[in-house]
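Engineer: With the input below, show me the fold.
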Amino acid sequence: MKASSFPRSAVGFHVVALVFFSGCAAALVQESQVLGGRRGMVGLGVTVAAVGLGLLSLHAALVLSRARALTVLASHARVGTYVQLLMAMGVLGLLGLHLLYTEGRPALGTFCLGLAAWLGAMGLRLVPALFLAGDGFFDSLGRRTRFSELEWFSLGRQEGEVPRVLLQVGRGLALHLEARLAEAEVGAVRGKLLQAGLASRPGRP
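Structural biologist: Prediction:
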């Protein structure tokens with residue numbers, strides 16, 4: 001577990017993503033106006049997606065920058081999730097190249113390639129996916145799960161693939177957060193959750 005610090009890499013990534021998707025939105029509008037008709041309408045629809053991703057990155061950058069001292073947790077997804085992610089990246093990458101070099105639609109092609117890179121950075125954990133703060137958890141998109149909203153946690157070792165420890169936290173019967181941690185993270189996370197007053201439950205295998 002890395003020491004608490006300002007999450008420079010995550011905030012920097014989201015600032016770059018904000019600039020990129022904002023530029024894509026402007027370029028897509030211009031390209032749609034030139035094309036017109038059905039192809040232009042498709043471009044405008046993608047423009048909405050670009051604006052949405054830009055706003056998502058802006059929100060994440062603001063929330064994480066205000067949080068300041070965060071501890072990065074080495075969280076991991078399941079192997080199947082990585083496979084699906086790589087497939088999606090491959091499809092977007094091929095589509096982007098096709099649009100750039102065959103269809104002559106540079107704005108849309110660039111957006112597809114950028115989206116593939118954005119998904120890869122987030123999904124492959126090139127950007128930290130989970131942070132531990134003094135009052136709760138933050139994910140890479142700036143979503144917060146406060147300790148005050150929780151009652152219990154469980155830590156259960158999972159065999160197979162690469163051995164990980166499944167962390168679950170919730171309130172009553174509701175599960176609020178689930179993450180797969182490296183074993184080196186477990187002791188510090190357990191101590192923090194117990195200190196916050198959460199009850200420990202047996203982890204599921």
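
Engineer: What helix or strand is Thr110 located in?
Structural biologist: Using DSSP states H and E, Thr110 maps to helix 106-123.

Engineer: avg pLDDT for that helix?
Structural biologist: For helix 106-123, mean pLDDT is 95.

Engineer: and if you look at stretch 27-45?
Structural biologist: Mean predicted lDDT for stretch 27-45 stands at 88.

Engineer: which other residues reach it?
Structural biologist: For stretch 27-45, the external contacting residues (Cβ atoms under 8 Å, 6 or more residues apart in numbering) are Val46, Thr47, Ala50, Arg105, Pro106, Ala107, Leu108, Thr110, Phe111. All C-beta atoms are positioned from the backbone trio N, CA, C, and that covers glycine.

Engineer: Please identify which of these is nearest to Thr71.
Structural biologist: Ala50 (32.5 Å; Cβ to Cβ).

Engineer: what residue ranges in this structure score low on pLDDT?
Structural biologist: For the chain, applying pLDDT under 70 flags the ranges 1-4, 159-162, 203-205.

Engineer: Mind naming the longest helix for it?
Structural biologist: Scanning the chain for the longest helix, with DSSP state H as the assignment, gives helix 37-67.

Engineer: Next SSE downstream of it?
Structural biologist: For helix 37-67, the following helix or strand on the C-terminal side (DSSP H and E) is strand 71-73.

Engineer: Neighbouring strands of that next one in the sheet, and parallel or not?
Structural biologist: Here strand 71-73 is paired, per DSSP bridges, with strand 130-132 (antiparallel).

Engineer: The strand it pairs with: what's the following helix or strand?
Structural biologist: strand 136-139.

Engineer: how far does that next one sit from the chain's center?
Structural biologist: In terms of Cα atoms, centre = their mean, to the nearest Å, the centre of strand 136-139 is found 12 Å from the chain centre.

Engineer: Show the buried residues in the contacts of stretch 27-45.
Structural biologist: Neighbour counting with 16 or more other Cβ atoms under 10 Å marks Val46, Thr47, Ala50, Arg105, Ala107, Leu108, Thr110, Phe111 as buried within those.

Engineer: The longest helix of the chain vs helix 106-123, what angle?
Structural biologist: Angle of helix 37-67 versus helix 106-123, following axes from the mean of the first three to the mean of the last three Cα atoms, to 10 degrees, is 40 degrees.

Engineer: how far out from the middle of the chain is helix 37-67?
Structural biologist: 14 Å.

Engineer: So which bits of that helix are buried?
Structural biologist: For helix 37-67, burial by neighbour count (16+ other Cβ under 10 Å) applies to 40, 43, 46-47, 50-51, 53-54, 56-58, 60-61, 63-65, 67.
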